[in-house]
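**Student:** build me a structure from this.
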Amino acid sequence: MIGMIILLVVVVGVALYAVGLYNNLVKLQNRFENAFAQIDVQLKRRYDLIPNLVETAKAYLKHERETLEAVIAARNQAAAAREEAAQKPGDANAMKGLMGAETLLGGALGRLFAVAEAYPDLKANQNMMQLSEELTTTENKIAFARQAYNDSVMTYNVARESFPAVIVAPALGFNEAELFEIEDEAIREAPQVSFS
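**Tutor:** Take a look at the predicted model:
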């Protein structure tokens, strides 16, 4: 009889531990998915600002059509990658696609701002200055959101890779999450936008 009670206590203890482990992984997964949603909001805001910026610059940059088209193409590619990553923020391939698209967009925006520096009338345009300020603010928010996301992913991955979770997590559908890192060192910093 005592043997049955001990066995029952052990089984209940193991079951409670397994439930706690599972619930912790769910909580951490939801936390990093929510953190990505914060990045997603800021990326969408940036993608919405870019066409306005390009439209404002068009009148002044008539001879820079390739630069403007490259910005719009990179923006569209990044927006598509953002959509895919938003649907499955834990998917490594979706995150790598987003990171690559963001690197291209950052480079295109950098070229646009470099070209715009040569046009004093554009630099003095009130609409361009306001859009540039909004874009800079949004870039800073993206950087903070990316840091929070990466912290959440790191916490999740550590819990997932710790014993005994490392044994059961893959079988329960808890796969490793990908960090959101900018690959190009020149793009790693938020673009410095200044038309003053």
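**Student:** looking at this structure, which helix or strand is least sure?
**Tutor:** helix 185-188 (a mean of 46; mean pLDDT, DSSP states H and E).
**Student:** quick one: contacts for the residue nearest the centre of the chain?
**Tutor:** The centre of the chain sits closest to Ile39, judged by C-alpha atoms, centre = their mean, with a distance of 4.9 Å. Neighbour list for Ile39: 142, 145-146, 149, 180 [criterion: C-beta atoms under 8 Å, 6 or more residues apart in numbering]. For the C-beta atoms, the positions are set from N, CA and C on the backbone; glycine is no exception.
**Student:** may I ask you to name the longest helix in the protein?
**Tutor:** If you go by DSSP state H, the chain has its longest helix at helix 2-58.
**Student:** tell me the gap between that helix and the middle of its chain.
**Tutor:** Chain-centre distance of helix 2-58: 14 Å, with C-alpha atoms, centre = their mean, to the nearest Å.
**Student:** in the following helix or strand past it, which residues are buried?
**Tutor:** Counting by DSSP states H and E, the next helix or strand C-terminal to helix 2-58 is helix 65-87. Under the neighbour-count criterion of 16 or more other C-beta atoms under 10 Å, helix 65-87 has 67-68, 70-71, 74-75, 77-79, 81-82, 84-86 buried.
**Student:** dump those residues to CSV, plus pLDDT and distance to Gly20.
**Tutor:** Compiled in CSV, those are given as follows (pLDDT from 0 to 100; distance: C-beta to C-beta, whole Å):
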residue, pLDDT, distance to Gly20
Thr67, 87, 55
Leu68, 88, 55
Ala70, 92, 51
Val71, 93, 49
Ala74, 95, 45
Arg75, 94, 45
Gln77, 95, 43
Ala78, 95, 40
Ala79, 95, 40
Ala81, 94, 36
Arg82, 94, 35
Glu84, 93, 33
Ala85, 93, 30
Ala86, 92, 30
